[in-house]
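Visitor: got a predicted structure plus its sequence, pasted below:
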Amino acid sequence: MVHFVSCVKALVLLDAFHITFHPKLYAYLDPGTGSIIFQVIIAGLCGGLFVIKLFWIRIKTFFKGLFSKSNKAEKK
């Protein structure tokens with residue numbers, strides 16, 4: 001198993017070296033690529049806001065409890 005893992009690591013390293021130092025690279029980004037990247041960013045932001053909305057009460061009570069405990073410790 002150790003031999004297999006080392007062979008896979010060697011092949012990945014060799015492939016990364018080959019891709020990095022290839023003399024001619026032909027890359028093409030069509031106009032739709034920017035649109036797709038923009039859609040992924042917007043979807044990620046909307047998903048993150050939705051998750052915050054779902055757990056807002058838990059987040060709020062966590063921070064309330066965190067700061068109220070520190071105030072009780074300071075009063076004693």
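Guide: Nice, thanks for sending it over.
Visitor: contacting residues around the residue nearest to the spatial centre of the chain?
Guide: The geometric centre of the chain, computed from its C-alpha atoms, lies nearest to G44 (Cα atoms, centre = their mean), at 10.2 Å. When the contact criterion is Cβ atoms under 8 Å, 6 or more residues apart in numbering, G44 has no partners at all. Where C-beta positions appear, they are placed from N, C-alpha and C, glycine not excepted.
Visitor: element containing it, please.
Guide: Using DSSP states H and E, G44 falls within helix 31-54.
Visitor: also P23?
Guide: P23 is part of no helix or strand, with elements assigned from DSSP H and E.
Visitor: dihedrals phi and psi, it?
Guide: Note on P23: backbone dihedrals following degrees, to the nearest 10 are phi -70, psi -40.
Visitor: tell me the mean pLDDT over the helix holding G44?
Guide: Mean per-residue pLDDT for helix 31-54: 92.
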